[in-house]
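**Q** sequence plus predicted model, see below.
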Amino acid sequence: MKKVTLLGATGSIGQSTLNVIKANEESYKLHSAVANYNVKGMVDIVKNFAPERVAMYDSKSAGELKDALVSLKLKCDVLSGFDGVCEIAGDGEAQQVVAAIVGAAGLKPTLEAVKSGVEIGLANKEALVMSGTIFFDAVKKSGSRVIPIDSEHSAIFQSLPEQAQNTIGFCDLDALGVRKILLTGSGGPFRQKSLDEFDSITPAMAVNHPVWSMGPKISVDSATMMNKGLEFIEARYLFNASDDKIEVLLHPQSVVHSMVSYVDGAVLAQLGTPSMQTPIARSLAYPERVAAAVEPLDFVNMQPLSFDKPDFKRYPCLKLAMEASRLGQGATTALNAANEVLVQCFLDEKIRFTDIAANCRKALDHFACEQCDNLDDILRIDKEARSYILRIIDRD
Ligand code: NAD
Ligand code: MG
């Protein structure tokens, strides 16, 4: 029985992870779970999965959860606040920690899990975008290993040889004969929308992804393709790849989840029905495979598959992230922070869709030369970039 700790349990990835655990009850046990303030969601998790302990980041919600569990006569320790979240993340008692908190909030808890030396199923790409180098220094030090959950990175992982799978963060792509990593992306809901209508895009339109059902932040990131940009940076760190080893391809059907092109002309890909339960199952079961409650691909009735180059005029955020990647960790941290604030402002209807890219550009220019090689610097730049963006928005 493999014990699993789930960070971000009430979210989209959290729920998909619970579906996979439920489909394989004889193999996996939810050891503990963490969320922000969704008390009802956490009560259901305690009821259905009986974890030993849980934590709510929001302390008022932790109090409400305790009361709810007492009245339902459910036994489970409830921790609260940032310390409670980090305590559960880093207790080292589960064999795998699934890191699925959204955004920069996941950085410290995920690093605590890495430091405890257990296996990490990594969904929280922002953590890696902010801290790639120190993240993998910590992996090396603790003997932890990372198995990607982001679907593209899971596909790349599966298309690389075992030697690379065993050295995530440190593999030598040239020695393995890798020509290019081909990172695919659907292009989101506005792939064919006229560019002069972009100013009038509403949050409801942006979160309505044609293929994937996801949390609000990553849905907006998919519409701007900042998501693919963050994934570009994520791929660099996971596969120890230089910028020119990664090529982004538009693939609207989201059937090919990414590919690896080798020097001999061979291209290996992972295909599947679009469902996060496949990469989650891959991560939990590796090196074995378990059922993920996902429909198999129907090759006969599927839409023809198409591939194209992304247009940077349509997706300026993708270009910004690739630029930040070349500049270094200070720039990627600042861009990530700016984007997170701007996406929330867009969801709150305080700015337009096109203001996300325009203000990310300003943040990247402002923080381009920031260097950082330790966690304190990363957290400082994250904080400064957030206040910088809020000042700009208030001024405009
Ligand atoms: P979501 O918004 O649906 O869920 C986020 C979860 O994080 C919730 O459980 C929330 O309670 C928790 N959370 C937020 N702030 C917290 C805090 N400070 N402390 C503790 N818990 C906190 O997001 P999601 O779509 O599930 O995405 C989660 C992560 O996985 C993101 O980094 C995203 O980029 C990545 N990811 C998601 C998908 C997907 O299909 N949803 C695919 C690939 C990667
Ligand atoms: Mg992805």
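**A** Structure's in. What do you need? Numbering: from 1, shown residues only. Ligands and ions are numbered 1, 2, ... in the order given.

**Q** which residue would be the closest one in the stretch 51-200 of the chain to ligand 2?
**A** Of all residues in the stretch 51-200 of the chain, the one sitting closest to ligand 2 is residue 150 (4.2 Å; C-beta to the ion). From N, CA and C alone the C-beta is placed, and that goes for glycine too.

**Q** how close does that residue get to ligand 1?
**A** Distance, residue 150 to ligand 1, using C-beta to the nearest ligand atom, to the nearest Å: 4 Å.

**Q** count of neighbours near that residue?
**A** 26 (other C-beta atoms under 10 Å).

**Q** just the pLDDT for it.
**A** At residue 150, the predicted lDDT confidence score is 98.

**Q** interface residues of this protein facing ligand 1?
**A** Residues of the chain lying close to ligand 1 (C-beta under 6 Å from any ligand atom) are 8-14, 34-36, 38, 57, 85, 100-102, 105, 123-126, 150, 212, 214-215, 217-218, 276.

**Q** at 5 Å instead, please
**A** 8, 10-14, 35-36, 57, 85, 100-102, 105, 123-125, 150, 214-215, 218, 276 (C-beta under 5 Å from any ligand atom).

**Q** can you list the domains in this structure?
**A** 2-148, 166-274+296-394 (the TED database).

**Q** what's the most buried one of those?
**A** By mean neighbour count, with neighbours taken as mean count of other C-beta atoms under 10 Å, domain 2-148 ranks first of the domains of the chain at a mean of 21.

**Q** do that domain and ligand 2 meet at all?
**A** No: applying C-beta under 5 Å from the ion, one finds domain 2-148 separated from ligand 2 by no less than 7.5 Å.

**Q** quote the end-to-end distance of that domain.
**A** End-to-end distance for domain 2-148, by C-alpha to C-alpha, to the nearest Å: 18 Å.

**Q** kindly report the same for stretch 340-360.
**A** End to end - C-alpha to C-alpha - stretch 340-360 spans 10 Å.

**Q** which helix of the chain spans the most residues?
**A** Identified as the longest helix of the chain according to DSSP state H is helix 375-395.

**Q** nearest to ligand 1: which residue in the stretch 1-150 of the chain?
**A** Proximity of the stretch 1-150 of the chain to ligand 1 (C-beta to the nearest ligand atom) peaks at residue 11, 1.9 Å away.

**Q** for the stretch 251-396 of the chain, that is, sorry about that
**A** For the stretch 251-396 of the chain, C-beta to the nearest ligand atom, closest residue to ligand 1: residue 276, 4.6 Å.

**Q** was I right to think that residue contacts residue 149?
**A** Yes: at 7.4 Å, residue 276 and residue 149 qualify as touching, with contact defined as C-beta atoms under 8 Å.

**Q** which of the two has more neighbours?
**A** Of the pair residue 276 and residue 149, residue 149 is the one with more neighbours under other C-beta under 10 Å, namely 28 against 25.

**Q** for the residue lying closest to that one once chain neighbours are set aside, give me phi and psi.
**A** What sits nearest to residue 149 in space, not counting adjacent residues and going by C-beta to C-beta, 6 or more residues apart in numbering, is residue 123, at 4.2 Å. Per-residue torsions, residue 123: phi -110, psi -30 (degrees, to the nearest 10).

**Q** let me know whether residue 123 touches residue 150 as I believe.
**A** Yes: contact criterion C-beta under 8 Å: residue 123 and residue 150 qualify, at 6.2 Å.
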